[in-house]
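S.K.: can't give you the sequence, but here's the structure:
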Ligand SMILES: Nc1c(NC[C@H](O)[C@H](O)[C@H](O)CO)[nH]c(=O)[nH]c1=O
Ligand SMILES: CC(=O)[C@@H](O)COP(=O)(O)O
C-alpha cells in the first residue's frame, strides 16, 4: 500500500511485547540530515513511548546510507543488542547511483538480519524528491522512523 494511502505513524498498540529490557541500536546516515534527523527523532520517541529504556537505545552515525549495512553489522554482532534500526534517505539524482545504493542497502541489511538472526529494520526512504522525503519524515504521510521502531518492536514479539 503506498504511503500516500496510509499514515506511517499510525499503528495499533494491541499485542505489542514488553520492551523494557530490550536493547536497541539505531544506525543513522548523515546524508540528507534534515530528513534522517527527523526519522531518528521519530524512532526514539516511539521506542520510549512504547516502554524502551532511554539507556537501552544506542545511536551510531554513518556517512551515507551505503554504510548502513556495515554499521548494522557492527551493532548486530553485539549479543547485548536485540534489534537494529537503520535510518537513511536516498534521493534520486541525475544518475543511476540511486539504484546501486538503494539495492545494496536493501540487500545488505537483509543479509545482516539473517546472519545474526535478529531484527535489522530498513528505515530508509528512497524518494524521487526532497519533498517526498519530508512528507515521510513527520509530514503529511507520517514518520518512517515511527514505522521502523514499531516494526522492531513487533519483530521482538514474534
Ligand atoms: N546520494 C546519497 C548518498 N550517497 C552517499 C552514499 O551513501 C555513500 O556514503 C557513498 O557512496 C560513499 O560510500 N547517501 C545517502 O544516504 N543518500 C543519498 O541521497
Ligand atoms: C542517491 C545518490 O547518490 C544521488 O542523490 C546522487 O546524485 P547524482 O545521481 O545526480 O550524482
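M.R.: Cool, got the structure. The shown structure was predicted, so the numbers you read here are calculated from the model rather than taken from an experiment. Residues are numbered from 1 along each chain as shown. Ligands and ions are numbered 1, 2, ... in the order given.
S.K.: every contact and neighbour count from this point should use C-alpha atoms.
M.R.: OK.
S.K.: how about the residues of this structure near ligand 1?
M.R.: Taking Cα under 6 Å from any ligand atom as the measure of proximity, the chain contacts ligand 1 at 29, 31, 63-67, 88-91.
S.K.: among these, name the buried ones.
M.R.: Taking 16 or more other Cα atoms under 10 Å as the criterion, what is buried in the residues of the chain next to ligand 1 is 29, 31, 64-67, 88-91.
S.K.: need the max-distance pair from the residues you listed.
M.R.: The most widely separated members of those, counting by Cα to Cα, are 67 and 91 (15.5 Å).
S.K.: just checking, residue 18 touches residue 51?
M.R.: Yes - between residue 18 and residue 51 there is a contact under Cα atoms under 8 Å: 7.1 Å.
S.K.: now do the helices in the chain.
M.R.: Listed in chain order, the helices of the chain (DSSP state H) span residues 33-49, 68-76, 97-116, 130-135, 144-156.
S.K.: can the longest one be found next to ligand 2?
M.R.: Just to be clear, that refers to helix 97-116. Yes - legend: contact between helix 97-116 and ligand 2 by Cα under 6 Å from any ligand atom is shown at 97-98.
S.K.: pull out the buried residues from that helix.
M.R.: Neighbour-count burial for helix 97-116 flags 98, 101-102, 104-106, 108-110, 112-113 (criterion: 16+ other Cα under 10 Å).
S.K.: same question, the first one
M.R.: Residues 35-40, 42-48 are the ones in helix 33-49 that count as buried (16+ other Cα under 10 Å).
S.K.: what residues does the protein have near ligand 2?
M.R.: Counting by Cα under 6 Å from any ligand atom, the residues of the chain lying close to ligand 2 are 90-98.
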